[in-house]
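K.L.:
Only the shape, not the letters, is given here:
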């Protein structure tokens, strides 16, 4: 029987630390990716998945507490909804309805929850390096599925052709890219956490 991972960190936990040290840089990387998206010819969800996964897995490995992933993505849920409302409804009216911008909050929190669940339920007996790689791969898969859900639910198909193509028509590239980069990011996060 495999044992589940238990928190190994002791001491006082400040809930703001994961948001500040990992959530804020993640929010900045996400913003930069979408700012540069028109110039790169890529998708802000797909191409920088390595950095999204790296910061998420590093935070979960550092604090080793269930809920860290949720805290990392809390800035996305709070700040991302008004930004999505403005960008996708006020500016371009891509959403089916303005209320659909609220749907991004649980999607963002879902990213963090998946990281927490992966850390919690992957067998503790595994080599820590391979657990981190598996966490990255699971995060990459969940990221793909949650964004695909949002794109097919919140937007009319005709308005989100650009991103949706990467998730449906370009799945032969996008999904392996996200899984492989997720694994590499998990490996890197483990290596960095061992040196810290």
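P.N.:
Great, that's in hand. As the structure is a prediction and not an experimental result, all values here were calculated from the model.
K.L.:
Do a quick rundown of the strands in the protein.
P.N.:
In the chain, no strands are found when defined by DSSP state E.
K.L.:
Run through the helices of it in chain order.
P.N.:
Per DSSP state H, the chain carries helices over the ranges 16-18, 24-40, 49-63, 68-85, 104-121, 128-154, 161-167, 171-195.
K.L.:
Could you look over these and pick the most buried one?
P.N.:
helix 49-63 (a mean of 25; mean count of other Cβ atoms under 10 Å). Glycine gets a C-beta too; all of them are placed from N, C-alpha and C.
K.L.:
Please report how far the most centrally placed residue in the chain lies from residue 66.
P.N.:
The centroid of the chain falls nearest to residue 111 when counting by Cα atoms, centre = their mean (4.5 Å). Computed as Cβ to Cβ, to the nearest Å, the residue 111 to residue 66 distance reads 15 Å.
K.L.:
returning to what we had before: okay, the closest residue in space to the residue nearest to the centre of the chain that isn't next to it in sequence: pLDDT?
P.N.:
The shortest distance from residue 111 to any non-neighbouring residue, by Cβ to Cβ, 6 or more residues apart in numbering, is to residue 73 (5.3 Å). Per-residue confidence (pLDDT) for residue 73: 90.
K.L.:
where's residue 73 relative to residue 175, distance?
P.N.:
For residue 73, the distance to residue 175 - Cβ to Cβ - is 21 Å.
K.L.:
who touches residue 71 in this structure?
P.N.:
15, 18, 19, 23, 112 (Cβ atoms under 8 Å, 6 or more residues apart in numbering).
K.L.:
nearest to residue 147, of the residues you listed?
P.N.:
residue 112 (14.1 Å; Cβ to Cβ).
K.L.:
ok, now which ones touch that closest one?
P.N.:
Going by Cβ under 8 Å, 6+ apart, residue 112 touches 56, 68, 69, 70, 71, 72, 73, 74.
K.L.:
what about it, distance to residue 138?
P.N.:
13 Å.
K.L.:
Distance to residue 47 for the contacts of residue 112 - can I get that in a markdown table?
P.N.:
Supplementary listing: those in a markdown table, determined by distance: Cβ to Cβ, whole Å:
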| residue | distance to residue 47 |
| --- | --- |
| 56 | 16 |
| 68 | 25 |
| 69 | 22 |
| 70 | 25 |
| 71 | 25 |
| 72 | 20 |
| 73 | 19 |
| 74 | 24 |
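K.L.:
wait, which of those is closest to residue 180?
P.N.:
Distance to residue 180 across the contacts of residue 112 (Cβ to Cβ) is lowest for residue 56, with 16.3 Å.
K.L.:
What pLDDT is listed against that closest one?
P.N.:
Value for residue 56, per-residue pLDDT: 92.
K.L.:
show me the contacts for it.
P.N.:
Applying Cβ under 8 Å, 6+ apart, we find residue 56 in contact with 22, 26, 69, 72, 73, 111, 112, 115, 139.
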